[in-house]
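[1] Predicted structure and sequence below. I'll ask about it afterward.
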Amino acid sequence: MSKKITAESIKELRKKTGAGMMDCKKALEASEGKINIAIETLRKKGLALADKKCNRIATEGIVESYIHAGSRIGVLVELNCETDFVARQSEFYKLAKDIAMQLAACQSVYYISKYDIPLEILSYEKNIEVQKEDLVRKTPEIRDKIVEGRIEKRLKDLCLIDQAFIRNPEITIDELVKQHIALWGENIKIRRFERFLLGEGLETKKSSLNKEISSMINNK
């Protein structure tokens, strides 16, 4: 006998996945009420649908901000969608706020995806890895594989979409966005962001000013 699907379990699944009510109900029925299996089913379905929409043009959206407690860290992020209707949804604002909060928490992140990383950064990271002492005695084939793996990991550390979502570490930011693409049936893009750290760069300016003053004194 199949397990009865309750309204509470449907609401719980919707809260965890962002999927529609009917999709949640069908997933729970197919999994005989096992919510973990239903989540996996909806996640796979959502990612498949999202992949089909990721190349569509998204020119609407919002610019959202997040200021961390103490007002020492602030983030601005532009999140795009296809229509003004989706841009006005409270869930869309929440998604933008969550992404901005993620950026405040992950200060080692400088790019949205690996495709945004400049070639000079890639070359720099590769040169560092190639010269590490533990690779000296490795054969070229093994060394190249190790370097490739390390570079891949390093690039993920630099990219926003590869980060585990701070509110739900079981999914990445990429999966979070794709869940919302599946929810609204529109493409969603994180276009750009800016992070502000209180006092960042001031020490460098102070040092430069001191050098300038010293130079003026020595030239007298």
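    Everything's here; your move.

[2] which residues of the protein fall in helices?
    Along the chain, counting by DSSP state H, helices occupy 7-17, 21-30, 35-53, 84-87, 90-105, 119-130, 140-158, 173-184, 202-218.

[3] For L76, find the nearest of the ones you listed.
    helix 90-105 (7.3 Å; C-beta to C-beta). To be clear about C-beta, it is placed using only N, CA and C from the backbone, and glycine gets the same treatment.

[4] pLDDT of the closest one, averaged?
    Looking at helix 90-105 alone, the average pLDDT works out to 96.

[5] Repeat that for stretch 148-157.
    Rounded mean pLDDT across stretch 148-157 is 86.

[6] Just the buried positions in that stretch, please.
    Going by neighbour count (16 or more other C-beta atoms under 10 Å), the buried part of stretch 148-157 is R150, I151, R154, L155.

[7] got the contact list for the third one?
    Translated: R154. E125, E129 (C-beta atoms under 8 Å, 6 or more residues apart in numbering).

[8] Look at stretch 56-69 and report the distance between its end residues.
    From its first residue to its last, stretch 56-69 covers 37 Å (C-alpha to C-alpha, to the nearest Å).

[9] quick one: contacts of it?
    Counting by C-beta under 8 Å, 6+ apart, residues outside stretch 56-69 touching it are 73-84, 86-87, 92-93, 96-97, 99-101, 103-104, 186-189, 191.

[10] Try it again at 7 Å.
    Residues from elsewhere that reach stretch 56-69, judged by C-beta atoms under 7 Å, 6 or more residues apart in numbering: 74-84, 87, 93, 96-97, 100-101, 104, 187-189.

[11] can you check stretch 6-20 too?
    Here stretch 6-20 makes contact (C-beta under 7 Å, 6+ apart) with 21, 24-25, 27-28, 33, 35, 38-39, 42-43, 46, 179-180, 182-183.

[12] follow-up on the earlier one: most tightly packed of the helices of the chain?
    helix 173-184 (a mean of 22; mean count of other C-beta atoms under 10 Å).

[13] What is that one packed up against?
    helix 35-53, helix 90-105 (3 or more C-beta pairs under 7 Å, 6 or more residues apart in numbering; DSSP states H and E).

[14] Need the phi and psi values for G201.
    Dihedral angles phi and psi of G201 (degrees, to the nearest 10) take the values phi 90, psi -10.

[15] Below-threshold pLDDT in the protein: ranges please.
    Residues of the chain meeting the criterion pLDDT under 70: 1-3, 17-20, 44-55, 203-220.

[16] Domain parsing of it, as residue ranges.
    Under the assignment automatic domain parsing, the domains of the chain span 1-53, 58-117+159-199, 119-148.

[17] What's the end-to-end length of the shortest one?
    This means domain 119-148. So domain 119-148: terminal residues 15 Å apart, C-alpha to C-alpha.

[18] what's the distance between that domain and the middle of its chain?
    Averaging C-alpha positions (C-alpha atoms, centre = their mean, to the nearest Å) puts domain 119-148 26 Å from its chain's average.

[19] how much space is there between Y93 and I62?
    7 Å (C-beta to C-beta, to the nearest Å).

[20] Around the residue nearest to E78 when sequence neighbours are not counted, count how many other residues there are.
    Among residues not flanking E78 along the chain, R191 sits closest, at 4.4 Å (C-beta to C-beta, 6 or more residues apart in numbering). The number of residues packed near R191 is 13, by other C-beta atoms under 10 Å.

[21] Nothing else from me, thank you.
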